[in-house]
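Chemist: quick one, structure for this:
(one chain, ligands or ions: 2)
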Amino acid sequence: MSGPRKLFVKSYGCQMNVYDSNRMADVLAPHGFIETAAPDGADLVILNTCHIREKAAEKVYSELGRIRKLKEAADRSNRHMLVAVAGCVAQAEGGEILRRASVVDLVLGPQSYHRLPDLIDRVAREGRVVDTEFPVEDKFDFLAPPSREATRARGVTAFVTVQEGCDRFCTFCVVPYTRGAEVSRPVAQIVAEVERLAAAGVREVTLIGQNVNAYHGAGPGRAEWTLGRLLHRVAEIEGIARLRYTTSHPADMDDSLIAAHRDVPQLMPCLHLPVQSGSDRVLAAMKRRHTRTRYIEIVERLRTARPDLALTSDFIVGFPGESDEDFHETVTLVDHIGFAGAFSFKYSPRPGTPAAVMADQVSDEIKVERLARLQAAIDRHQAAFNARTLGMTFSVLLEKPGRHPGQLVGRSPYLQPVQVMAPPDLIGEIVAARIIEVGPNSLFGVLDEPLKPMRPQRAALAVAGA
Ligand code: 5AD
Ligand code: SF4
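Modeler: Ligands and ions are numbered 1, 2, ... in the order given. I've put the predicted structure just below:
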């Protein structure tokens, strides 16, 4: 292949897509593609799409409308712009995308990214291509590792996929259909990837997967490892000061993982543990396989293991059949747990999922009203959580220049952005910062002295119902 070509990748949705977008850039780099920050002037545009909630596909089609204009402009100046749609909308819609959007040359599902260079050649030879197969080969065996420079440019925090897909089939969710069956990567492959990241200066790694705590990868001697055991191993890698993992299913919080929150100091004291609803009736209809009481018990065990643990969650309002009483149970659960933050969504029927054809669909009017009420409760707890940080000293991993000259911004153990006055050579360091102001989107801190590495503070931040 000839000369450098410009690649623009736009990611929608979850961290898994951010990770996949980086992997696509890595696989294309040896073929002369250099990433650019804007689609105009790009030789290859990839939209890495998300299908989890409503309007995702519509958003993609309207973005494709904008890209069509850029492609036409490129044609006029005798350049060719190749347009690819990847991710879960690609997996779900397949050839329909080619029919609806003539601008698209290539449609590829999440299991095909390692074949991108070949697929691009095929488009050049044969014209438009759709590849949404679940191949027999393991794409991770074929995905190129990032160059040291690419890793550096992406910053001091990184995601690492440890498992993909999901076997749980919650009745509202498309993931088992778009991402396929649950597959865990072998321990050695993950360790090698984290070692490479650490060698390039990464300090914080988030292990990701659609149902990350269902992890059951092959360890040395082919023994199956749990996520808890994997966290212990990854924590041993020199240079990795902080670990996180997401997203977890409550029913897969096993003893080894709960113990890791007590025993692995690098594991940050915050956990995203989607509950979806506080009503047992709705949880059963969602096939979540845990009850409200079971969720509360798991949280209690986690808080015993790690008293300063902060919890965040996902909620769906207006699931088919959700009554006022059911919804009330969700609000009381929010108050009972005292989440440090949460995402809440109106239920949206996803074609092909069991809940989409359930009777008793809830009207949009009711969903809107419930969403506002739930969001208000969540916001109240989040504001209280942030307010409690005032005057506390946190370890902050400094990530990049901040909002104002002379400032750097980093993250607290709880993922809150913290702005501090600090010289740029402290990027990548973990410092102690005392919080002197709590803003709506950031905390403001003053630096104590740099600490490397610093043990996370144990603070009574996440008290139930407080
Ligand atoms: N409707 C609304 N929200 C959904 N989510 C997943 N599927 C749907 C759906 N059909 C939400 C869940 C999940 C988060 C990633 O997206 O809360 O945890
Ligand atoms: Fe979807 Fe998560 Fe349920 Fe799997 S566990 S089906 S990813 S909501």
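
Chemist: now do the helices in the stretch 1-150 of the chain.
Modeler: Taking DSSP state H, counting those that start in this stretch as the criterion, the stretch 1-150 of the chain carries its helices at 15-28, 56-76, 87-93, 96-100, 116-126, 139-142, 148-153.

Chemist: for residue 185, find the nearest of those.
Modeler: Across the helices of the stretch 1-150 of the chain, the minimum distance to residue 185, taken as CB to CB, is reached by helix 139-142, at 5.7 Å. Where C-beta positions appear, they are placed from N, C-alpha and C, glycine not excepted.

Chemist: interface residues of the chain facing ligand 2?
Modeler: Contact residues, the chain versus ligand 2 (CB under 6 Å from any ligand atom): 166, 168, 169, 170, 173, 175, 176, 210, 211, 249.

Chemist: go again with 5 Å.
Modeler: Proximity of the chain to ligand 2 (CB under 5 Å from any ligand atom) is limited to residues 166, 168, 170, 173, 175, 210, 211, 249.

Chemist: leaving out sequence neighbours, find the closest residue to residue 399.
Modeler: With sequence-adjacent residues excluded and distances taken as CB to CB, 6 or more residues apart in numbering, residue 399 is closest to residue 410, at 5.1 Å.

Chemist: do residue 354 as well
Modeler: Residue 354 sits nearest to residue 171 (CB to CB, 6+ apart), 4.2 Å away.

Chemist: the one you found contacts residue 352, correct?
Modeler: No. Judged on CB atoms under 8 Å, residue 171 makes no contact with residue 352 at a distance of 11.2 Å.

Chemist: neighbour-wise, which of these two wins?
Modeler: Using other CB atoms under 10 Å, the more surrounded residue of residue 171 and residue 352 is residue 171, with 18 against 11.

Chemist: show me the contacts for the more buried one.
Modeler: 285, 286, 287, 353, 354, 355, 358 (CB atoms under 8 Å, 6 or more residues apart in numbering).

Chemist: assign the residue nearest to residue 354 to helix, strand or coil.
Modeler: Under the three-state scheme (DSSP: H, G, I helix; E, B strand; the rest coil), residue 171 adopts coil.

Chemist: gap between it and ligand 1?
Modeler: 9 Å (CB to the nearest ligand atom, to the nearest Å).

Chemist: ok, residue 334 next?
Modeler: Taken as CB to the nearest ligand atom, the span from residue 334 to ligand 1 is 14 Å.

Chemist: tell me where the model's unsure across this structure.
Modeler: By pLDDT under 70, the weakly predicted segments of the chain are 1-3, 136, 449-466.

Chemist: need the longest helix for it.
Modeler: helix 364-387 (DSSP state H).

Chemist: what does that one contact?
Modeler: 310, 315, 317-318, 322, 327, 330-331, 334-335, 338-342, 344-347, 414, 416, 438, 443, 461-462, 466.

Chemist: ok, 6 Å please
Modeler: By CB atoms under 6 Å, 6 or more residues apart in numbering, the residues outside helix 364-387 that reach it are 317-318, 327, 331, 334, 338-342, 344, 346, 438.

Chemist: repeat for stretch 91-104
Modeler: So stretch 91-104 is in contact with 51, 64, 67-68, 71, 83, 85, 107, 109, 128, 130, 132, 178, going by CB under 6 Å, 6+ apart.

Chemist: do the same with stretch 428-443
Modeler: Here stretch 428-443 makes contact (CB under 6 Å, 6+ apart) with 156, 201, 203, 241, 386-387, 389-390, 392-398, 416-420, 444-448, 450-451, 453-454.

Chemist: only whichever of those residues are buried, select them in ChimeraX.
Modeler: Only the buried entries of the contacts of stretch 428-443 go into this ChimeraX selection, using 16 or more other CB atoms under 10 Å:
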select :156,203,241,386,389,393,394,395,396,397,398,416,417,418,419,420,444,445,447,453,454
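
Chemist: quick one: the residue of the stretch 1-150 of the chain found nearest ligand 2 from residue 4, how far?
Modeler: The nearest approach of the stretch 1-150 of the chain to ligand 2 comes at residue 52, 8.1 Å away (CB to the nearest ligand atom). Noted for residue 52: a distance of 35 Å to residue 4, by CB to CB, to the nearest Å.

Chemist: of these two, give the one with the bigger neighbour count.
Modeler: Using other CB under 10 Å as the criterion, residue 52 and residue 4 rank with residue 52 on top: 19 against 10.

Chemist: list the contacts for the more buried one?
Modeler: By CB under 6 Å, 6+ apart, residue 52 lies in contact with nothing.

Chemist: now do the phi/psi pair for it.
Modeler: Main-chain dihedrals, residue 52, degrees, to the nearest 10: phi -70, psi -40.

Chemist: before we move on, the earlier item: any idea how far the residue nearest to residue 399 is from ligand 2?
Modeler: Here the criterion is CB to the nearest ligand atom. By it, residue 410 lies 30 Å from ligand 2.

Chemist: and stretch 9-23, how far apart are its ends?
Modeler: End-to-end distance for stretch 9-23: 11 Å, by CA to CA, to the nearest Å.

Chemist: ok, now which ones touch residue 330?
Modeler: Contact analysis of residue 330 by CB under 6 Å, 6+ apart lists 277, 278.

Chemist: switch to 7 Å and redo it
Modeler: With contact taken as CB atoms under 7 Å, 6 or more residues apart in numbering, residue 330 is in contact with 277, 278, 279, 315, 374.

Chemist: alright, I will stop here.
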